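> Fold the following.
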Amino acid sequence: MIGPPHDPGAGVHSKSFALRHRSLTLRSCLVTALLVLVVLPAAGLGLAVWLFVTPTPSEAEAMRAYRSAPVCTTSPEADCVTIEQAEVVDVFTTQGRCGSRTDTFKLRLDDGVHLTNIYFDCFAPNVYFAPIGGQARVREFRGRVTTVYSLNGTAYETGDSPTGGSSWRGGVAAVLIIFSAPVLLIGLIFVVGLGLRSIWRLLRDPNRPLPTYADR
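Next comes the predicted model:
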């Protein structure tokens, strides 16, 4: 019994299709991994840096006004800074990551009670301001406490200060750094481990065998 004629080209076409499909799959997986682990986290860190160093127009105006504002006198001023003694009603500390912390002050001034925060990074020293019930020297600008002086006279800007305060941009930047930095670290480990030459060969010809460690 004679079977159907065998087409030698069919096997070649099938193998070629399988190689093209494998090549496309490997290249797509590699591009996706580089995009997720390297490109997007690097872009996130770049955006975070830009948010930190570039204030909005309103923030820039407030910083200029604050830096150029004179000390308030008896005559009314459009924008001036009041330096006075505040009663420390309460102080409590919120611990953050890597030793960072936030000191929250409840201060009583002539115009009422104010709540304000001072943020300390991971490497900031311990600072003593004043005991509860004691007096602390402060600066007030536009109805907000912008500076609290430590016991040794060092000025610390609060979260309400136009020059050292917090904003939505700072919060977004902090979130971007928290999420992007670990992912980018994993991506760099991936790139270094695989090797730039190997990544380039996979992008150009995924079906080509990768070089051994000695060939890199």
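
> helices or strands up against the strand ranked longest in the chain?
Ranked by number of residues, the top strand in the chain under DSSP state E is strand 81-95. Helices and strands touching strand 81-95, by 3 or more C-beta pairs under 8 Å, 6 or more residues apart in numbering; DSSP states H and E, are strand 101-109, strand 135-141. C-beta coordinates here come from the backbone N, C-alpha and C atoms, glycine included.

> Could you identify which of these is most buried?
Mean neighbours per residue, mean count of other C-beta atoms under 10 Å, is largest over the helices and strands packed on strand 81-95 for strand 135-141, with a mean of 20.

> which residues touch that strand?
66, 69, 79-88, 105, 107, 109, 111, 114, 129-130, 145-149, 155, 161-162 (C-beta atoms under 8 Å, 6 or more residues apart in numbering).

> before we move on, what about stretch 99-113?
Contacts of stretch 99-113 (C-beta under 8 Å, 6+ apart): 84, 86-96, 114-124, 127, 129, 136, 138, 140, 143, 145, 148, 158.

> wait, is Arg201 part of a helix?
Yes. Remark: Arg201 belongs to a helix, assigned using DSSP: H, G, I helix; E, B strand; the rest coil.

> Near it, how many other residues are there?
15 (other C-beta atoms under 10 Å).

> what do you get for the one 3 residues further on?
Other residues lying near Arg204 total 9 when counted by other C-beta under 10 Å.

> distance of it from Tyr149?
63 Å (C-beta to C-beta, to the nearest Å).

> How about His114?
Applying C-beta to C-beta to His114 and Tyr149 gives a distance of 15 Å.

> do the same with Ala42
40 Å.

> More neighbours: which of those two?
A count of neighbours by other C-beta under 10 Å puts Tyr149 above the other of Ala42 and Tyr149, at 18 against 15.

> Mind pulling up the pLDDT for that one?
Turning to Tyr149, the model gives it a pLDDT of 94.

> quick one: it and Thr158 touch, right?
No. Using C-beta atoms under 8 Å, Tyr149 and Thr158 do not qualify as a contacting pair, with a distance of 11.2 Å.

> starting at the chain centroid, how far to stretch 136-144?
Remark: stretch 136-144 is offset 28 Å from the chain centroid, using C-alpha atoms, centre = their mean, to the nearest Å.

> I'd like the numbering to begin with 290 instead of 1 from here.
I'll keep to 290 as the first residue from here, and by that count the last item is stretch 425-433.

> average pLDDT for that stretch?
Stretch 425-433 comes out at a mean pLDDT of 91.

> Tabulate the CA atom coordinates of it in CSV.
Extracted in CSV, the C-alpha atoms of stretch 425-433 (Å, rounded to 0.1, in the frame of the first residue of the first chain):
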residue,chain,number,x,y,z
ALA,A,425,10.5,77.3,72.6
ARG,A,426,11.5,80.1,70.2
VAL,A,427,9.6,80.0,66.9
ARG,A,428,9.1,81.9,63.7
GLU,A,429,5.6,82.4,62.3
PHE,A,430,4.8,83.4,58.7
ARG,A,431,1.3,83.9,57.3
GLY,A,432,-0.3,82.4,60.4
ARG,A,433,1.8,79.2,60.4
